[in-house]
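Peer 1: could you look at this predicted model? Sequence included:
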Amino acid sequence: MLDDLATESSIKDCDWYIPELNDKKKEIITRAQRVKYAVQAGLPDDFVSTTLKVDVGRATQKYTKLIERLSAFTHINATTFDITQSAERKLADEALTTFVLVLKTIDDCRSRVESKVERRAKDALTDELFAHSVDALEEIATHHTVHGAEIEELNLKSMDSATIVFSATGFLDCELQYGSDGDYSRGDGLRVEDSYPLKCKLVADISTPLDLEVQDLCVDNSSFYE
């Protein structure tokens, strides 16, 4: 399961990766490193601990203890044989519960990382949109100014050793100007406040996850023509 969630090549590509050697001085990928990648991918350690305030080390320790507990169920000895049906059922329930907790430990910690990085990215998105030229607004006005964005939904789509990608939907608040600044100052121009639906993709280098670049920005100006 961990091999699928955290491949050796992906782990080695992370900036936080530090080679570890076994007793034979051979470089290995440890269980703790696989859990760490499954939870935070390539996000920098200080960003996860200081900015997101998620303790990945604690989740790793819990996971390790659960694996040890799960392994204990495979050690068959004399006391395991000829047990009562109720004891057998209890043993099976404990084993299944432990197995579920193994999966849940990674999922819960990963979910905390994702939800917190989404909130941070949402704050960073508005700043990026201020400086972004919007073709859909240029189509319907002489000039336009972006005042801000109301992001209704922002989801982390992917996060690996190199890149983090979000998708966002919401509304773009803007001012549309008709005529030049001179026209407006003479009373011959017009400025109108408006808002239009938006969707876009946000991409950042995993080492600087909040330095977001807006890509594939689509602003729906169809309501302007209604």
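Peer 2: All right, it came through fine.

Peer 1: for burial, what's the neighbour tally of residue 19?
Peer 2: If you count neighbours by other C-beta atoms under 10 Å, residue 19 ends up with 9. C-beta here means a position set from N, CA and C on the backbone, and glycine is covered the same way.

Peer 1: nearest spatial neighbour of it, chain-adjacent residues omitted?
Peer 2: Computed as C-beta to C-beta, 6 or more residues apart in numbering, the closest residue to residue 19 that is not its neighbour in sequence is residue 27, at 5.0 Å.

Peer 1: go on, residue 153?
Peer 2: Once flanking residues are discounted, residue 153 sits nearest to residue 169: 4.9 Å by C-beta to C-beta, 6+ apart.

Peer 1: so how far is the helix or strand where residue 158 lies off the chain centroid?
Peer 2: Using DSSP states H and E, residue 158 sits in strand 143-159. Relative to its parent chain, strand 143-159 has a centroid offset of 16 Å by C-alpha atoms, centre = their mean, to the nearest Å.

Peer 1: same check on stretch 210-226?
Peer 2: 21 Å.

Peer 1: what residues does it touch?
Peer 2: Outside stretch 210-226, the residues within contact range by C-beta atoms under 8 Å, 6 or more residues apart in numbering are 120-121, 124-125, 128-129, 132, 134-137, 139-140, 166, 172, 194, 196-205.

Peer 1: mind running it again at 7 Å?
Peer 2: 120-121, 124-125, 128-129, 132, 134, 136-137, 139-140, 172, 196-205 (C-beta atoms under 7 Å, 6 or more residues apart in numbering).

Peer 1: list the buried residues for that stretch?
Peer 2: Applying a neighbour-count criterion of 16 or more other C-beta atoms under 10 Å, the buried positions in stretch 210-226 are 210, 212, 214, 217, 219, 221.

Peer 1: same check, this time on stretch 140-150
Peer 2: Here stretch 140-150 shows 141, 143, 144, 146, 149 as buried, counting by 16+ other C-beta under 10 Å.

Peer 1: for the helix ranked longest in the chain, the averaged confidence score.
Peer 2: Ranked by number of residues, the top helix in the chain under DSSP state H is helix 85-130. Regarding helix 85-130, the rounded mean pLDDT is 86.

Peer 1: so what secondary structure elements neighbour whichever strand or helix holds residue 165?
Peer 2: Assigned by DSSP H and E, residue 165 belongs to strand 163-178. Strand 163-178 is packed against helix 85-130, strand 143-159, strand 190-205, with contacts defined by 3 or more C-beta pairs under 7 Å, 6 or more residues apart in numbering; DSSP states H and E.
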